[in-house]
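Undergrad: I'd like to go over a predicted model; first the sequence, then the structure.
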Amino acid sequence: MRGIIAEFVILLLIGCSKESPKKEVKEFEPPADGRITQEMASAYIKASGYLMDAIAGHEKQMQEFTSRYKVSSDLSELSDSVYCSEHPEVIRSWNRLQERWKEAELKAYEKAGISEDEFNWVGGALTDTVNKEKQEWIAKQLEEIIK
């Protein structure tokens, strides 16, 4: 499981592209200098921790889903139109599972005090040389969370 969580952390570091929340949220404007502030870095760490918890819960739900509906772990059945038309209950369950994931993801951002857009921007900005110190600090903090 630690390997799976580590893979998701890597994805978190480079940012995730998801839809914006439906509620009215002030649009994130990146700093003109492209530098990640300490406040942003701290919120990013918090959100990453909450997201890792959400991922662990989602992973368990995915295992329950594949076991209950006897689908393969790669979910290839879900891209088979014949299978989908013959098993609408599986598709409904899959859609609910995806909705619950999105809710958990958005809740993680909210609890951390960071918008999804800001989280994604920080993840992308970590690769910029002006943010080398923040990148190192964030990497160290994430290593502590994973342990």
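TA: Sure thing, it's come through. Numbering: from 1, shown residues only.
Undergrad: Now whichever helix in the chain runs longest: buried residues?
TA: Counting by DSSP state H, the longest helix found in the chain is helix 38-69. Applying a neighbour-count criterion of 16 or more other CB atoms under 10 Å, the buried positions in helix 38-69 are 40-52, 54-55, 58, 62, 65, 69. For the C-beta atoms, the positions are set from N, CA and C on the backbone; glycine is no exception.
Undergrad: what's the answer for stretch 121-132, then?
TA: Under the neighbour-count rule (16+ other CB under 10 Å), stretch 121-132 has Trp121, Val122, Gly123, Ala125, Leu126, Asn131 buried.
Undergrad: does the third one sit in a helix or strand, and which one?
TA: In the assignment (DSSP states H and E), Gly123 maps to helix 116-125.
Undergrad: now the angle from that helix to helix 38-69?
TA: Per axes from the mean of the first three to the mean of the last three CA atoms, to 10 degrees, the angle that helix 116-125 makes with helix 38-69 is 100 degrees.
Undergrad: Now do helix 116-125: which elements does it pack against?
TA: Using 3 or more CB pairs under 8 Å, 6 or more residues apart in numbering; DSSP states H and E, the elements in contact with helix 116-125 are helix 2-14, helix 38-69, helix 88-112.
Undergrad: give me that answer again for 10 Å
TA: helix 2-14, helix 38-69, helix 88-112, helix 132-146 (3 or more CB pairs under 10 Å, 6 or more residues apart in numbering; DSSP states H and E).
Undergrad: Now tabulate those helices in TSV and tack on distance to Ser81.
TA: Formatted as TSV, the helices and strands packed on helix 116-125 follow (distance: least, CB to CB, whole Å):
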stretch	distance to Ser81
helix 2-14	28
helix 38-69	17
helix 88-112	11
helix 132-146	39
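Undergrad: Redo those as a markdown table? Include mean pLDDT.
TA: Shown next, in a markdown table, are these (pLDDT from 0 to 100):
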| stretch | mean pLDDT |
| --- | --- |
| helix 2-14 | 48 |
| helix 38-69 | 96 |
| helix 88-112 | 97 |
| helix 132-146 | 94 |
